[in-house]
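> sequence-free structure coming up:
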């Protein structure tokens with residue numbers, strides 16, 4: 001069982017504790033379904049970790065833009081050559097777009113997580129290795145389509161951060 005999971009022996013209930021103190025309860029599956037449940041727990045755990053990681057990237061994108069806008073005096077930015085002022089606007093726009101794309105990806109990933117959990121409850125339960133491969137194998141063309149927001153969002157986060165670095169370097173070097 002995953003961390004935070006316990007089986008109540010008298011009731012045959014699986015209790016899963018999530019971050020924030022929330023608790024899920026489900027009846028303990030029959031022994032022939034136990035592998036599916038373990039596979040599903042592993043998949044959901046992996047997807048939860050990915051969603052948390054992407055949320056941190058969203059916060060990084062918004063945080064970089066917010067700190068730059070609020071902490072650099074406007075007079076210093078206006079004193080820069082026009083090229084650097086344009087780079088500043090582009091960088092903040094890239095960071096905002098990166099945050100939107102990354103957040104959109106987490107919403108799609110959450111939908112996939114729910115689909116996989118729902119599939120595991122089907123009768124008969126599917127082979128979760130097949131379900132995982134159909135959604136997350138790099139060779140799967142359908143996967144590449146819904147993962148694009150992650151790819152583009154990550155690249156825009158890097159590009160926006162790089163452009164802000166150039167502007168900050170110009171500010172520091174005068």
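Nice, I can see it. Since the model is a prediction, treat every value here as computed from it, not as a measurement.

> list the buried ones in the helix or strand where residue 54 lies?
Assigned by DSSP states H and E, residue 54 belongs to helix 34-71. For helix 34-71, a neighbour-count test (16 or more other C-beta atoms under 10 Å) marks 36-37, 39-41, 43-44, 47-48, 50-51, 54, 57-58, 60-62, 64-65, 68 as buried. For every residue, glycine as well, the C-beta is placed using N, CA and C.

> what do you get for stretch 122-131?
125, 128, 131.

> restricted to helices, list those residues.
Within those, residues falling in helices by DSSP state H are 128, 131.

> any chance of the buried residues of stretch 122-131 in TSV, plus pLDDT and distance to residue 161?
Putting these into TSV (pLDDT from 0 to 100; distance: C-beta to C-beta, whole Å) gives the following:
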residue	pLDDT	distance to residue 161
125	72	44
128	72	37
131	72	36
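
> closest one of the buried residues of stretch 122-131 to residue 87?
Among the buried residues of stretch 122-131, residue 131 lies closest to residue 87 (C-beta to C-beta), at 45.0 Å.

> what's near enough to touch that closest one?
43, 116, 119, 120 (C-beta atoms under 8 Å, 6 or more residues apart in numbering).

> touching stretch 73-92 from outside, list them.
65, 68, 69, 159, 160, 161, 163, 164, 166, 167, 170, 171.

> the fifth one touches residue 94, doesn't it?
What that stands for is residue 160. Yes: between residue 160 and residue 94 there is a contact at 3.5 Å, judged by C-beta atoms under 8 Å.

> for the chain, just list every one of the strands.
5-8, 13-17, 23-27 (DSSP state E).

> give me the mean pLDDT for the last one.
Read it as strand 23-27. Averaged across strand 23-27, the pLDDT comes to 58.

> and the shortest one, by the same measure?
Here the mean pLDDT over strand 5-8 is 46, rounded to a whole number.

> ditto for stretch 164-174
pLDDT averaged over stretch 164-174 gives 91.

> chain center to it: distance?
Taking C-alpha atoms, centre = their mean, to the nearest Å, one finds stretch 164-174 lying 30 Å from the centre of the chain it belongs to.

> just the residues contacting it, thanks.
So stretch 164-174 is contacted by 64, 68, 72, 76, 77, 80, 84, 87, 88, 91, 92, 95 (C-beta under 8 Å, 6+ apart).
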